[in-house]
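Trainee: Sequence first, then the predicted structure, then my questions.
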Amino acid sequence: MVDLNENTNINIPLRNLLALIFMVAVSVTGYINVTSRITQLEHDRNIRDVEIGANTEFRIKWPRGELGALPEDAEQNLRLQYIEKHLDEVEKIARTLEITADNAKN
């Protein structure tokens, strides 16, 4: 049986002690690099989740007009309304002309 206490001497070659110190340093550096990489990947995933959520919201709400419209869209809508108004007037005139033509034939 070996009696170990605070005064026990251990003899180890310097080369082995340096190898142990180097191995511990490499292990600590590797651990720090791995945890840093995991943290970065988790952060990137969180950012991506936020962006995907915002994109999904935009994709759903934009076509419904819940997020507003571009100025070009507003101008285009005004022009379409103007064209529709004048098209209705032209159709009324065409119907009047058809009625007049039908009355003239009779």
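Mentor: Happy to help now that I have it.

Trainee: CA only for contacts and neighbour counts going forward, please
Mentor: Noted.

Trainee: Quick one: classify Val2 as helix, strand or coil.
Mentor: The three-state assignment at Val2 reads coil, by DSSP: H, G, I helix; E, B strand; the rest coil.

Trainee: Tally up the residues packed near it, please.
Mentor: By other CA atoms under 10 Å, the residues close to Val2 number 5.

Trainee: pLDDT value on it, please?
Mentor: If you check Val2, the pLDDT there is 76.

Trainee: And Pro71, by the same measure?
Mentor: 68.

Trainee: so Ile12 is in which element?
Mentor: In this assignment (DSSP states H and E), Ile12 forms part of neither any helix nor any strand.

Trainee: In the protein, where's the longest helix?
Mentor: Longest helix in the chain, counting residues (DSSP state H): helix 14-64.

Trainee: Output the below-cut-off pLDDT ranges for the protein.
Mentor: 69, 71, 106 (pLDDT under 70).

Trainee: Give me the domain ranges for it.
Mentor: 11-68, 69-106 (automatic domain parsing).

Trainee: The helix or strand hosting Ile83: how far from the chain's middle?
Mentor: Here Ile83, judged by DSSP H and E, is contained in helix 71-105. How far helix 71-105 lies from its chain's middle: 45 Å, per CA atoms, centre = their mean, to the nearest Å.

Trainee: Perfect, that will be all.
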